[in-house]
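J.: build me a model from this:
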Amino acid sequence: MVTPRTLSGFKDRLPKEAYAKSKMLQSIVQSFEKFGFAPIETPHLEYAEILKKQGSDEIQKEMYHFLDHGEREVALRFDLTVPLARFIAQYKNEVGIPFKRYCIGNVFRGERAQKGRYREFTQCDFDFIGTDSIGADVEILQVIYQSLFDLGLRDFTIHINNRKIFNGLMESLNASNHTIEVLRIIDKIEKIGKESVKQELQNKTPLNLDSIAMLLDFIAKIQKGSALELLKELEAFRELNHTLKSGIDELSTLCKILDPLIPAKFYKINLSIARGLGYYTGIVYETTLNALPSLGSVCSGGRYDNLTQNFSKDSLSGVGASIGLDRLLSGLEELNLIQSDKNVADTLLIPLHSLEYGYKVAQSLRDKGLKIEVFPEITKPKKSFNYANNKGYKFVVITGEEEEQQNTCTLKNMESGEQFNHLQLEAVINAIKS
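T.: Purely as a prediction, here's the structure:
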């Protein structure tokens, strides 16, 4: 006999938790569509060479890949952005450019499993393809804010940076060839701390101690104050080189446009945000729940102007973000901002005499907008009432012989024990909805 179990980093969801996740998805989709983003779907399984073209060394180590029955090397997608690049290269004439899309699906990474971090998890991606306008970056940030706000969150921060600022700094240190490896180390500063980052920079990059000190000092200085205050601090570095100037100017324009659109308390400039994946080229962002900093980012992304160059001669620009749904669900539950104990149905109908009449009443209630579960057996009331209690139903609708004769039903409040006999359907509906 096989022992029933799941792999580490993979999980089942019982109905109540899965229902809570489903309700979150409905809200997120509505938020995406408010801004005109259209849905697409891409396969879970891709040719490995497609995914390996874009993944960093770290991601490639975590990738699930194998030979299929046709001896082709295939891989499970590790995000939804690389499949998007392939999708755009194939279908850009059909979808039209610029193109706004969202895609929701499971992705796979063989990373260390921990709280809020799984090896299979759901991402909710939204991207704006085919424009280098700062307006596209602004809109992605608006969608992040709107999506989280619509879920009931009121205490979160969108951390914003521009990769060009670090690229410019590396130019000034004559270390441009090592920008990506330095950025990947800097990206860990919130997780492992300044001293550990300093040690990694010493061990894994050619930067000398003075350059490392200058880099970390730069990050430390530009950490406190409002976005507009930090932009003033950055002005001192603006003329070091063209790359730095471009990055600072883009951040400045972005914040000026954002100012009337998103309350200032919900976003900040944070130059330690580097984003680990190798394809970001401009503005990048991560979003954290202020009450749960250890949870990590629940929504992150950025601009990837060169993403499609591996699949097409036309190197289309793009900007997008991804909501990590499972991590966000974990956070919302910890903050008691989401109920995972709600039944899918509004109430349970218990037929005590006739299945035919019971199902007829249930359908009439559904036609009026209620979600109704029917207990499938004519049995002793104790059994069906125990079922209702175990499921946590507040109300049950009862149809017995007298109710059938009078074309009515009885409503029982399972919490108080109060019972209302021989009600018309409208009275039942009003009581349940109230």
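
J.: state the pLDDT value of the closest residue to residue 59 other than its chain neighbours.
T.: Of all residues not flanking residue 59 in the chain, residue 78 sits nearest, at 5.6 Å (Cβ to Cβ, 6 or more residues apart in numbering). C-beta coordinates here come from the backbone N, C-alpha and C atoms, glycine included. Looking at residue 78, its pLDDT stands at 94.

J.: could you check how far residue 78 is from residue 274?
T.: 19 Å (Cβ to Cβ, to the nearest Å).

J.: and residue 8, by the same measure?
T.: 29 Å.

J.: can I assume the residue nearest to residue 59 sits in a strand?
T.: No: if the criterion is DSSP: H, G, I helix; E, B strand; the rest coil, then residue 78 is coil and not within a strand.

J.: that one and residue 108 touch, don't they?
T.: Yes: with contact defined as Cβ atoms under 8 Å, residue 78 reaches residue 108; the gap is 6.4 Å.

J.: which neighbours do those two share?
T.: residue 63 (Cβ atoms under 8 Å, 6 or more residues apart in numbering).

J.: who has more neighbours out of those two?
T.: Between residue 78 and residue 108, counting by other Cβ atoms under 10 Å, residue 78 is the more crowded of the two (27 against 21).

J.: contact partners for the more buried one?
T.: In this structure, residue 78 makes contact with 51, 55, 59, 62-63, 107-109, judged by Cβ under 8 Å, 6+ apart.

J.: now the buried members of those residues.
T.: 51, 55, 59, 63, 107-109 (16 or more other Cβ atoms under 10 Å).

J.: now the most centrally placed residue in the chain. Nearest residue, chain neighbours left out?
T.: Centroid-nearest residue in the chain: residue 323, 1.7 Å away (criterion: Cα atoms, centre = their mean). Excluding its sequence neighbours, the residue lying closest to residue 323 (Cβ to Cβ, 6+ apart) is residue 124, at 4.1 Å.

J.: what count of nearby residues applies to that neighbour?
T.: 23.

J.: likewise for residue 336?
T.: As a burial measure, residue 336 scores 7 neighbours (other Cβ under 10 Å).

J.: chain center to the helix or strand where residue 390 lies: distance?
T.: In the assignment (DSSP states H and E), residue 390 maps to helix 381-391. Averaging C-alpha positions (Cα atoms, centre = their mean, to the nearest Å) puts helix 381-391 37 Å from its chain's average.

J.: packing partners of it?
T.: strand 347-351, strand 395-399 (3 or more Cβ pairs under 8 Å, 6 or more residues apart in numbering; DSSP states H and E).

J.: give me that answer again for 7 Å
T.: Contact analysis of helix 381-391 by 3 or more Cβ pairs under 7 Å, 6 or more residues apart in numbering; DSSP states H and E lists strand 347-351 as its packing neighbours.
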